[in-house]
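here you go, sequence then predicted model.
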There are 4 protein chains.
Amino acid sequence: MTRDFSGIYTPLATPFNAAGEIDERGLAANVDRYIASPLSGIVVLGSNGEAPQLEDEEADRAIAVVRARVPRTRPLLAGTGRESTRATIEACKRAAKLEVDAVMVRTPSFYKNLMTTDTFVRHYTEVADASPVPVILYNVTMYTGVNLLPDAVEQLSEHPNIVGIKDSGNDMVHLGEYIARAKPGFIVLVGAAPSLFTATAIGAHGAVLALAGLVPELCVELVEHVKAGRIAEARQLQRRLMPLARSIGPVWAVPGLKAALDLLGMAGGTPRPPLRPVAPPAIETLRRQLNELGVLETSSAAR
Amino acid sequence: MTRDFSGIYTPLATPFNAAGEIDERGLAANVDRYIASPLSGIVVLGSNGEAPQLEDEEADRAIAVVRARVPRTRPLLAGTGRESTRATIEACKRAAKLEVDAVMVRTPSFYKNLMTTDTFVRHYTEVADASPVPVILYNVTMYTGVNLLPDAVEQLSEHPNIVGIKDSGNDMVHLGEYIARAKPGFIVLVGAAPSLFTATAIGAHGAVLALAGLVPELCVELVEHVKAGRIAEARQLQRRLMPLARSIGPVWAVPGLKAALDLLGMAGGTPRPPLRPVAPPAIETLRRQLNELGVLETSSAAR
Amino acid sequence: MTRDFSGIYTPLATPFNAAGEIDERGLAANVDRYIASPLSGIVVLGSNGEAPQLEDEEADRAIAVVRARVPRTRPLLAGTGRESTRATIEACKRAAKLEVDAVMVRTPSFYKNLMTTDTFVRHYTEVADASPVPVILYNVTMYTGVNLLPDAVEQLSEHPNIVGIKDSGNDMVHLGEYIARAKPGFIVLVGAAPSLFTATAIGAHGAVLALAGLVPELCVELVEHVKAGRIAEARQLQRRLMPLARSIGPVWAVPGLKAALDLLGMAGGTPRPPLRPVAPPAIETLRRQLNELGVLETSSAAR
Amino acid sequence: MTRDFSGIYTPLATPFNAAGEIDERGLAANVDRYIASPLSGIVVLGSNGEAPQLEDEEADRAIAVVRARVPRTRPLLAGTGRESTRATIEACKRAAKLEVDAVMVRTPSFYKNLMTTDTFVRHYTEVADASPVPVILYNVTMYTGVNLLPDAVEQLSEHPNIVGIKDSGNDMVHLGEYIARAKPGFIVLVGAAPSLFTATAIGAHGAVLALAGLVPELCVELVEHVKAGRIAEARQLQRRLMPLARSIGPVWAVPGLKAALDLLGMAGGTPRPPLRPVAPPAIETLRRQLNELGVLETSSAAR
């Protein structure tokens, strides 16, 4: 019987030490903070974890560190997408050996004009056939420049080892099609915080949000408002979350997320080059936005 | 005191006779059908009315024909956007003289790189200063290739003679920004049927939908579900409406709408060239989609 | 026998007086300046002439004023594109009655998703069937958001009353396809000054350039360099022209062109709103660029 | 003193055996064919070599195999771009140890909104500081979705260890800017066969073309025509090359190139999944196009 992967997740940032290597202690501490929150589960090696900038050994090590801290009661997902089908399969097998609960497989994307629905269906079918753990599709057009269309998702949802999709876009027509056309039981997770309320309202089964790594309680609360039919409250909360959601999304992306983690006393730090830390004015904006959401310690907020 | 322009509207198609002139009788009959429906109001000379393909005298005549049929209790809006500010103002004045309740002013768009927020704010301010009737902004990026950003809408919402916006896109993040940032009382209408449910859920005050010209009762019902907190029913109805919404939107557009009107026994007919009627297979698809929504006469559906 | 429409043209700006009406005297004076230059011909009512912002009566008047000044030995082309096929045909007939030598017909573009090759072929065929004077296709994707593909151009080049195309893009692969696939004798004119050298090198038969309205002699010289095989000189001249070409193209467009005309002592002036005049720093940049090309009077340059 | 990297190169396809491993014998045989041609040099591990789909050890092995066959008189370039700056530097060092003459470093591209000119300048400066061999920038927007702008290229051309750029786009305005603004001696190579003639005409110093892996003699001939001022012949040859250039470029990309190599009796074969071999009709088209260029053996063409 398949595990239920619905709910609210946060992708982990990958903190680095002064030498540019993974800060394992910081990574573990961040996980501990999330385990103490109402989040449903954790994603390691997502786009927010700078996965495309990590070597395979680093990726494996990150999974091991995180798995040791995440109790079996909460799903741990690991990003394992690569450009070639065979490298993707190898990454899935390594992650499975490290006991993740499912793999989240980003679309290959380099040869954009060849990334058709047919190509994606073959790729994911081969990956899902070979993966020892369930596969979650991962569509992130803003970074890949390719799009996994509802036709592909509908077909792939029939595969017994493909259990869901995370889509990081704000296209709610698209997301609604996934929900309406996929096999019953197929999980649709939204990956864009600005659309958390709308995605939940149209029936998404959860979310994977960097924002939930900063304000997990508020993200969970928003979803509960929707489920309880408290539409006005949900909408109002979405509006409160919007400035921070944009800061760590389209505006400053991963470097913004890391700066915000630093402000919260968690392990953020410098992203791996060519990514650069945000500039000081961005930090002040983030401080103000976190403070307005009531999650900064007084001392920190007062600085 | 400003009139309340919230609610569900349909834009009128503009039927033509065999000579290619406006079929005034057919236009009037279509209006009568809508007045017998629960629709809040009517839009004449929108994109679905082929406004960019009509001469000024034709446009004036269409307004006059429609105004004669629409009771004062229901708002009648007329599209009056032109490329130049002065031509737009002239069109607004003519429409006001013909006693429309408000004008819906599409963004100018030809010189795309010059269509900045500053340009739009000046343009709409001059138009609103001069228009004898209230102005509703109209953003339809899929046809214009330009975008009226939330910054512009926030500023323009302060003008006493600008009462709302119709946005025909599916970008719900954008629409949410309009709602959150505009002056209280400013009306936000969605113009994309695939987003009717989500737009209403996030707080839109209404919609202008070609789809509402085919199934007005169902569009109104969907909105009432949302308002009453019947989210599951609303979502379900949205899914039922989706195939037809797409057929008369991104797939076949105005020619698809006109063919669907013909199937319903209303006045649709041939669009004005260079637009072309849809091909026979499209008509069969539309017939099936209308039938599945229960709005085709048995005799017609059985053909 | 068809007239030869190859060569270098400039599109006329449309100067307005303080009341916002066409400054006919200024328009005529600009024409006189060009007739004294080596330019092959003149285009009235192009995109640089703010044609989409003019009323039909103004357009007719502009043609009449210009025709009176352009000798029969130089081709006068008039822009007559409209959104509907019938309005386009009417505009062609009016222009023909005013004795233009050919009409330059911009693609219709509002219903973007319906603007297929099939639609364009039907539209232009009907227009060319009805036009009393030869038709030149006009593709300006940066303003219309639609693209006239080589397939359409190849088919349309077979029509006896379609004699050429002006394409305002920088896509030289595209332009090369037009040249290679169109019927012999079909004229391909480039409309983007940054590509004047390359277009001429690949075999374009001429150009329609706002830049040629500022430095006609240099544009003609560049083309003659290419024809004489003086590639290094042509390339060098292209580089010298680039800054000004960009200023009156992608950077400031029509308002930039008008400011540059003012600096040359010609009739430029304020564009029609919503277009706005360029800001003072832009004028200084234009002055410097004109000066570097040696076309400013000493007194003016020294200001 | 810096070596001269101008001239015509071909990127090597990477042939695989039935087990999906690199076919080293086939790779070496292909190199031998090119060494017998008038090509200036060879690129290993470009986009056409499926570099993004190879593991680091495979990449190293491919370089070693190729280096053993390429005489020191012809430059051997190796693709070494990675997403992180440090992985890129490591790849450059490994390639240098394997004695390539220069590295061709594709832009990082995953975090598209962060890939600014500033980011690129820092990234390439760090890479060039650390690379033991000269660096050639590599911009391939159609696959990366990011663009290395002339501002970045101008700045980077000042670095003593950055000797040129390969740009795979058809934007000749862009390419002309590189040439005009980069430091003297900086080499600009075009990577798009449809623009070979125009790029050479505007002053590009060479090309890296998959097409040159099929018809090296014709590519070299075209460039010589331009250099000798035989513009008409060059243009004519460009047109003859166009159908094949498009087949192995925008139409079928790498799988098309591999099928064409097979038709020539060279080592092409199946691309690595998720890429798929082209379908049989594509093979027939390629056969016809190769035959029209006179490079198929009679027996093969007659099949």
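Received it, and whenever you're ready, just let me know what you need.

next SSE downstream of the helix or strand hosting A:Leu77?
Using DSSP states H and E, A:Leu77 sits in strand A:76-79. From strand A:76-79 onward toward the C-terminus, using DSSP H and E, the following helix or strand is helix A:85-97.

quick one: mean pLDDT over that next one.
Mean pLDDT, helix A:85-97: 98.

likewise for stretch A:207-216?
Regarding stretch A:207-216, the rounded mean pLDDT is 98.

show me where chain A has strands.
Counting by DSSP state E, chain A has strands at residues A:7-11, A:41-44, A:76-79, A:102-106, A:135-139, A:162-167, A:187-190, A:206-208.

contacts for the longest one?
With CB atoms under 8 Å, 6 or more residues apart in numbering or on different chains as the contact definition, strand A:162-167 has outside contacts at A:2-3, A:5, A:102, A:104, A:124, A:128, A:134-140, A:148, A:153, A:156, A:174-175, A:178, A:182, A:185-191, A:205, A:208. All C-beta atoms are positioned from the backbone trio N, CA, C, and that covers glycine.

let's see that with 6 Å instead.
The contact list for strand A:162-167 (CB atoms under 6 Å, 6 or more residues apart in numbering or on different chains) reads A:2, A:5, A:128, A:134-139, A:153, A:156, A:186-189, A:191, A:208.

the second one too?
Residues outside strand A:41-44 that contact it (CB under 6 Å, 6+ apart) are A:9, A:11-12, A:62-63, A:66, A:70, A:74-78, A:208.

re earlier: can you add mean neighbour count and distance to B:Asp23 and give the strands of chain A back as CSV?
Shown next, in CSV, are these (neighbours: other CB atoms under 10 Å in any protein chain shown; distance: least, CB to CB, whole Å):
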stretch, mean neighbour count, distance to B:Asp23
strand A:7-11, 26, 55
strand A:41-44, 26, 59
strand A:76-79, 28, 59
strand A:102-106, 28, 54
strand A:135-139, 26, 46
strand A:162-167, 26, 45
strand A:187-190, 26, 46
strand A:206-208, 27, 50
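
of these, which is nearest A:Ala253?
Of all the strands of chain A, strand A:7-11 sits nearest to A:Ala253, with 12.2 Å by CB to CB.

check which helices and strands the closest one is in contact with.
Secondary-structure packing of strand A:7-11 (3 or more CB pairs under 6 Å, 6 or more residues apart in numbering or on different chains; DSSP states H and E): strand A:41-44, strand A:206-208.

what pairs with it, parallel or antiparallel?
On the basis of DSSP bridges, the sheet neighbours of strand A:7-11 come out as strand A:41-44 (parallel), strand A:206-208 (parallel).

CA atoms of the first one as CSV?
To tie it back to what came earlier, the one meant is strand A:41-44. As requested, the backbone C-alpha atoms of strand A:41-44 are provided in CSV (Å, rounded to 0.1, in the frame of the first residue of the first chain):
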residue,chain,number,x,y,z
GLY,A,41,7.7,16.3,5.8
ILE,A,42,11.0,17.4,4.4
VAL,A,43,12.6,17.7,1.0
VAL,A,44,16.4,17.4,0.7
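
report pLDDT for A:Ser300.
48.

excluding chain neighbours, what is closest to the residue of the stretch 151-300 of chain A found nearest chain C?
In the stretch 151-300 of chain A, the residue that lies nearest chain C is A:Val173 (15.4 Å; CB to the nearest CB). Excluding its sequence neighbours, the residue lying closest to A:Val173 (CB to CB, 6 or more residues apart in numbering or on different chains) is B:Pro194, at 4.5 Å.

next: A:Asp129.
A:Asn161 (7.3 Å).

quick one, what contacts the nearest residue to A:Val163 once chain neighbours are set aside?
Leaving aside its chain neighbours, A:Val163 sits nearest to A:Pro134 (4.4 Å; criterion: CB to CB, 6+ apart). Applying CB under 6 Å, 6+ apart to A:Pro134 gives the contacts A:Ala102, A:Asn161, A:Val163.

run the last query once more with 10 Å
A:2-3, A:5, A:75, A:77, A:96, A:100-103, A:128, A:159-164, A:187 (CB atoms under 10 Å, 6 or more residues apart in numbering or on different chains).

returning to that earlier point: quick one: the residue nearest to A:Val173 and A:Gly176 touch, right?
Yes - assessed by CB atoms under 10 Å, B:Pro194 is found in contact with A:Gly176 at 7.7 Å.

please enumerate the shared neighbours of these two.
Counting by CB under 10 Å, 6+ apart, the residues touching both B:Pro194 and A:Gly176 are B:Gln238, B:Met242.

please say which of these two ends up with more neighbours.
A:Gly176 (25 against 22; other CB atoms under 10 Å in any protein chain shown).

please look at that one and A:Pro150 and confirm they touch.
Yes - in this structure A:Gly176 lies within contact range of A:Pro150 using CB under 10 Å: 9.0 Å.

grab the nearest non-local neighbour of A:Ser247.
Nearest to A:Ser247 is A:Gly256, by CB to CB, 6+ apart, at 5.2 Å.

distance check, that neighbour against chain D.
10 Å (CB to the nearest CB, to the nearest Å).

A:Pro132 too?
As for A:Pro132, its distance to chain D is 20 Å (criterion: CB to the nearest CB).

and for A:Arg82?
For A:Arg82, the distance to chain D - CB to the nearest CB - is 8 Å.

okay, now that residue: neighbour count?
So A:Arg82, with other CB under 10 Å, has 23 neighbours.

mind listing what the residue nearest to A:Ser247 touches?
A:210, A:244, A:246-250, A:268, A:271, A:277-278, A:282-283, A:285-286.

listing partners with orientation, what would you give for the strand holding A:Leu77?
strand A:41-44 (parallel), strand A:102-106 (parallel).

reformat these as JSON lines; add mean pLDDT and distance to D:Asp262.
As requested, the strands paired with strand A:76-79 are exported to JSON lines (pLDDT from 0 to 100; distance: least, CB to CB, whole Å):
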{"stretch": "strand A:41-44", "mean pLDDT": "98", "distance to D:Asp262": "42"}
{"stretch": "strand A:102-106", "mean pLDDT": "98", "distance to D:Asp262": "31"}
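
as CSV, these with distance to D:Glu297 would be great.
Converted to CSV, those look like this (distance: least, CB to CB, whole Å):
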stretch, distance to D:Glu297
strand A:41-44, 55
strand A:102-106, 44
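
what score does the closest residue to A:Lys166 other than its chain neighbours have for pLDDT?
Once flanking residues are discounted, A:Lys166 sits nearest to A:Leu189: 4.4 Å by CB to CB, 6+ apart. At A:Leu189, the model reports a pLDDT of 98.
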